[in-house]
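S.K.: here is the input, now give the coordinates:
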Amino acid sequence: MKKTLLYSLFTLSIASTTLTSCEEMFGDFLDKQPSGELTGDEVFSDWGLMEQFHFDTYNFLRHGALRINNSWLDAATDLGHTSYASGGVRTTFNIGNYYGSGGAAELTDTWEHYYRAIRKCNMILERIENVPKDTDLSEENYQRQKTQYISEARFFRAYFYWELFLRYGPIPLVTTVLDPDGDLLSDYTERPSLKEYVIDFVLKELQECEKGLMTYNTESTYGGRIMQPVARALYSHIMLYMASPRYSNESGITWQQAADAAQSFINDYGSNYALITNESDPKAALTNAWLLTPYTENNTEMIFYRNDGTIGWSGIANDTPVGEGGNGGLCPSQNLVDMYDMIDGSSPFTEYDETGAPVYHGTTPDVNEASGYSDAHMWENRDKRLEATILYNGVTWGNGVINVVRGQRDNPIGNANATQTGYYVRKLIPETILSNEHGGNSRRLWTYIRYAEILLNRAEALNEVEGPTEEVCNLLDQIRHRAGITGNVADRADLKTKDAMRNFIHKERTIELAFEEHRFWDVRRWGVAEQALGRDIIGIDVASDGTITRKVTQKRVFEEKMYLYPIPETEYWKTGIENNPGWN
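M.R.: The predicted structure is shown next:
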C-alpha cells in the first residue's frame, strides 16, 4: 500500500469529525494517530500502531448536530425546520431534491464514508493475527486485547452496513480489503436480498461479536468504547425494524422475536441501566439524560454513544435563538408541539394517525375538550418533555426571555435567520455554554441508543403481539412518569385497542426520541413516510397581546421513491450497480 493511501484513511476520518480531538473523544485508550509517513506493512508490524489504526475507526461514528450543511436530519421530518435558507436539508430533502449539493454530507458522502470505515474494519480482521505481540504485554492481555479488537471491528462493520442499509437498502457486502486505487466496488455489483444482508450478516455479526467485547465498564478510561450491552442494544433496535411493516415479509422476523430481543437486553443488562428521574424537577431529569456523561456524571441511560469532547459557543451558535446572538438553526414545528399530552396524561386532541401525529383539519386538530387544552394557552399543563425540548414564547433561557413577537428579541425585522415556526430548539443545547457572555463550555455527546428506546422497543413489539396489556402500559408509564405525567396509560379509555395503542406508541416514541435521528427512519419502517414527511410544516405567529395564530411554514415534498436514497451517481456510472426504484 502506498504511504499516502494509509495516511488518507486517517485524515479522512479526522476531517469528518472536527468537533473534538481523538484524545478528548476516547479518553486514555486513544492517544494519537500513527504518522502519515507509515506504510500499511509498518503499521501492522507494530502492536501499538495497529491499536491506533483500529481506534481511529471510532472517528467514523457521526454526530447528528449540524451534520448536513449546518442542519439536522430531523429538520427533514415533520418535527422541525431549518431557519436559515442555506441549511442542507432545507435545500434538498424538504423540496424533494435528492441530488442537491447542500445535502451531500448525508445523501452521497455517506456511501464513501462508511465503505472507507468498513475497509478499516476489514484490514484489522485480515491482519491482526499477524501483528507481533507487544513485548510489554502478557500473553493473557495480548489474547484479551486481540479478541476485543476483532469483536469491535466486527461490531463496527455490522453497524456501518446497517447505516448504509437504512439509506440505500441491501448493497454489496464487502468483507475483504479493496484496493483504494482501484474501482473498489467494480467486482461487487450484485445486490443481496434483505435477508442475506440484514439477517444472515448484520444480525449474525452482532450476535457473534458480543461475547468478545468488553464487559460493562463505566471508568472514564473506556468512555465511548463498544461493550457487550451495545451489541445487544443494536440487535434489539434492528430486530424491531425487521419486524416492522416495511421489512417483515422479507426478513421473516416476527413482532414476538422483536419483543424478545428487547426483553433479553433488559434481562441481561438492565441492572446497569435506568431512566434518569427527578420527581421534583422532571425537566432537569430529561436534560440530564441527554447531556450528562455516563463515566463522570453517572448517566445511567446512555448505552451506545459517540464520546465527544467539550464544545463552546461556536458549537451551538447555529442552533441558538437569534436574540441570544445565534443563528436560529433547528426550529421545532407546531406538529411536534401538538404531539405532547397534558400533564395529567390526557390527550389534548381527539384523533391521532399512524404517524403518531394528531389528525389535522387545515392547521388545527379537533380539541379534546375534557383535557382543558386550548390554543390560547397551548404550552400550559403539558408533558414536561415539551418544556425540556422546545423553547417557546415567554420561556426564560440563557441570558433573556424568548420573545418571538414580530420585531422583538427573537424575531427581529430583517433577520433572515429568525424562526419561521415560532419555536427554537432546547434539547441537546447545553445552556451552561451561555454563561459568562458565552464563555462557558460543556460536553455534548451524541447518543445512538439509550435505555428509553429499549423500553419503547419492547412496548411497541409487545403491543403488536398481545395488544395493550398491563406490561405495555407499564413500560410506557416508566417513560411518561419520568416526564412528570401523573396519569397512567392503563386508565385511558381511548387506548383499549391494538390500533389505538399503536398510534399512541408511535407518538410516544416520536416525542421521547425527538431530534435524535429516529423519526426519519421510524416513519419509513412503519410505511407511513409519505404521510409524515410530505405533510405541511405548521408554525405559529405570536401577536403583541399574546394571541397565537397557526400557519403553514413550509409545504414538504415526499414521493414513494424517497424511502431510499439514490445510489451516488459516481458509483452508479462507474460500476453499473442496480439503482434504487425510481432513481434511474
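S.K.: helix, strand, or coil at A261?
M.R.: Of the three states, A261 takes helix according to DSSP: H, G, I helix; E, B strand; the rest coil.
S.K.: tell me how many other residues crowd the nearest residue to it once chain neighbours are set aside.
M.R.: Leaving aside its sequence neighbours, A261 sits nearest to M239 (C-beta to C-beta, 6 or more residues apart in numbering; 4.0 Å). In short, each C-beta sits where N, CA and C put it, glycine included. When counting by other C-beta atoms under 10 Å, one arrives at 27 neighbours for M239.
S.K.: look up how far S251 lies from M239.
M.R.: 9 Å (C-beta to C-beta, to the nearest Å).
S.K.: could I get the full set of strands for the stretch 1-150 of the chain?
M.R.: Listed in chain order, the strands found in the stretch 1-150 of the chain under DSSP state E, counting those that start in this stretch are 80-82.
S.K.: swap that for the stretch 401-550 of the chain, please
M.R.: 424-425, 442-443, 446-450, 537-542, 548-554.
S.K.: of all the ones you listed, which lies closest to H54?
M.R.: H54 lies closest to strand 446-450 among the strands of the stretch 401-550 of the chain, at 19.7 Å (C-beta to C-beta).
S.K.: residues in contact with that closest one?
M.R.: 61-65, 230, 233-234, 237, 289-290, 301-306, 308, 516 (C-beta atoms under 8 Å, 6 or more residues apart in numbering).
S.K.: may I see the buried residues of stretch 278-298?
M.R.: In terms of neighbour count (16 or more other C-beta atoms under 10 Å), stretch 278-298 has its buried residues at 282-283, 285-295.
S.K.: let's have those residues in a markdown table, adding pLDDT, distance to P192 and secondary structure.
M.R.: Shown next, in a markdown table, are the buried residues of stretch 278-298 (pLDDT from 0 to 100; distance: C-beta to C-beta, whole Å; DSSP: H, G, I helix; E, B strand; the rest coil):
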| residue | pLDDT | distance to P192 | secondary structure |
| --- | --- | --- | --- |
| P282 | 97 | 46 | helix |
| K283 | 96 | 46 | helix |
| A285 | 97 | 44 | helix |
| L286 | 97 | 41 | helix |
| T287 | 96 | 43 | helix |
| N288 | 96 | 42 | helix |
| A289 | 97 | 38 | helix |
| W290 | 96 | 37 | helix |
| L291 | 96 | 40 | helix |
| L292 | 96 | 41 | coil |
| T293 | 96 | 39 | coil |
| P294 | 96 | 36 | coil |
| Y295 | 95 | 38 | coil |
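S.K.: in a markdown table: these, plus distance to E369.
M.R.: Listed next are those as a markdown table, based on distance: C-beta to C-beta, whole Å:
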| residue | distance to E369 |
| --- | --- |
| P282 | 26 |
| K283 | 27 |
| A285 | 31 |
| L286 | 29 |
| T287 | 33 |
| N288 | 36 |
| A289 | 34 |
| W290 | 34 |
| L291 | 38 |
| L292 | 40 |
| T293 | 45 |
| P294 | 44 |
| Y295 | 49 |
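S.K.: name the nearest of the residues you listed relative to N272.
M.R.: P294 (9.8 Å).
S.K.: for that closest one, which non-adjacent residue is spatially closest?
M.R.: Nearest to P294 is M302, by C-beta to C-beta, 6+ apart, at 5.0 Å.
S.K.: any idea what that neighbour is bridged to?
M.R.: Here M302 shows beta-bridge partners R450, assigned using DSSP bridges.
S.K.: who's in contact with the residue most central in space within the chain?
M.R.: Nearest to the mean C-alpha position of the chain, counting by C-alpha atoms, centre = their mean, stands E517 at 3.2 Å. Residues near E517 by C-beta under 8 Å, 6+ apart: 64, 72-74.
S.K.: so how far is L475 from the closest residue to E51 other than its chain neighbours?
M.R.: Ranked by C-beta to C-beta, 6+ apart and with sequence neighbours excluded, the top spatial neighbour of E51 is Y149, at 7.4 Å. Distance, Y149 to L475, using C-beta to C-beta: 36 Å.
S.K.: between these two, which has more neighbouring residues?
M.R.: Between Y149 and L475, counting by other C-beta under 10 Å, L475 is the more crowded of the two (25 against 21).
S.K.: okay, the residue in the chain sticking out farthest from the centre: pLDDT?
M.R.: Distance from the C-alpha centroid of the chain peaks at T135, with 41.3 Å (C-alpha atoms, centre = their mean). Per-residue pLDDT puts T135 at 93.
S.K.: list the contacts of the residue nearest to I343 when sequence neighbours are not counted.
M.R.: Closest residue to I343 apart from its sequence neighbours, by C-beta to C-beta, 6+ apart: N381 at 4.9 Å. Contacts for N381 (C-beta under 8 Å, 6+ apart) come out as 342-344, 372.
S.K.: ranking the residues you listed by neighbours, who comes first?
M.R.: If you rank these by neighbour count (other C-beta under 10 Å), M342 sits at the top with 20 neighbours.
S.K.: and E129, what does it touch?
M.R.: K146.
S.K.: switch to 10 Å and redo it
M.R.: Applying C-beta atoms under 10 Å, 6 or more residues apart in numbering to E129 gives the contacts 146, 150.
S.K.: okay, it and I150: tell me how far apart.
M.R.: In terms of C-beta to C-beta, E129 sits 9 Å off from I150.
S.K.: out of the strands of the stretch 401-550 of the chain, nearest to W162?
M.R.: strand 446-450 (10.5 Å).
S.K.: average model confidence for that closest one?
M.R.: 98.
S.K.: cool, stretch 244-255 as well?
M.R.: 98.
S.K.: circling back: kindly supply the PyMOL command isolating those of the contacts of E517 that are buried.
M.R.: Per 16+ other C-beta under 10 Å, the buried members of the contacts of E517 correspond to this PyMOL selection:
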select buried, resi 64+72+73+74
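S.K.: ok, so of the contacts of E517, who is nearest F156?
M.R.: Using C-beta to C-beta, these come closest to F156 at G64, 18.0 Å.
S.K.: gap between the closest residue to the closest one other than its chain neighbours and I68?
M.R.: Closest residue to G64 apart from its sequence neighbours, by C-beta to C-beta, 6+ apart: E517 at 5.0 Å. Separation of E517 from I68 (C-beta to C-beta): 11 Å.
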